[in-house]
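K.L.:
Fold the stuff below for me.
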Amino acid sequence: MKNFVVKTLANAGALAVAVWLLDKITLTGDSTGKKIGTLLVVALVFGLVNFLVKPIVKVLTFPLFVLSLGLITLVVNALMLLLTSWLADKLDLSFHVDGFWTAVLGGLIISVVSWALNVVLPDGDND
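P.N.:
Sure, this is the predicted structure:
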């Protein structure tokens, strides 16, 4: 359970960095508290998308992974971010990613920041 919370917080932090760095990834809200709450819910949605959908997409696109030497990962991450944006819209959350290339750059930023935060934050599995 602790590992789930840490991963969700890392995703929220990574999403916050992407929102801060890229103008076309937006998170709106009336107050800072509402933005943080929205960011946490979006991080949960993003985590679920990555847990449920990403493995299926990776299996289906395995030949492309081999042919592109793994560069297709950028496209898969972008698609997961776009799917998260679409789901956020359906859940009436104020998070939006505007366009594929923004999603590619956002996915790259989120991957790097999430990796760094997962290295720094304790995961609770060592107890």
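K.L.:
Please give me every residue in contact with the spatially most central residue of the chain.
P.N.:
The chain has Phe46 as the residue nearest its centroid, 4.9 Å off, counting by C-alpha atoms, centre = their mean. Taking C-beta atoms under 8 Å, 6 or more residues apart in numbering, we find Phe46 in contact with 11, 15, 80-81, 84. Backbone N, C-alpha and C define where each C-beta goes, glycine included.
K.L.:
low-confidence ranges in the protein?
P.N.:
Within the chain, the segments meeting pLDDT under 70 span 1, 123-127.
K.L.:
Quick check: Thr26 touching Val19?
P.N.:
Yes - applying C-beta atoms under 8 Å, one finds Thr26 in contact with Val19, separated by 6.9 Å.
K.L.:
by contact count, what packs against the one helix or strand Trp20 maps to?
P.N.:
In this assignment (DSSP states H and E), Trp20 forms part of helix 2-21. Packed against helix 2-21 by the contact rule (3 or more C-beta pairs under 8 Å, 6 or more residues apart in numbering; DSSP states H and E) you find strand 25-27, helix 32-52, helix 100-120.
K.L.:
So for Thr26 and Val19, which sits in the more crowded spot?
P.N.:
Applying other C-beta atoms under 10 Å to Thr26 and Val19 shows that Val19 carries more neighbours, namely 21 against 13.
K.L.:
Could you check how far the more buried one is from Pro122?
P.N.:
Using C-beta to C-beta, to the nearest Å, Val19 is found at 25 Å from Pro122.
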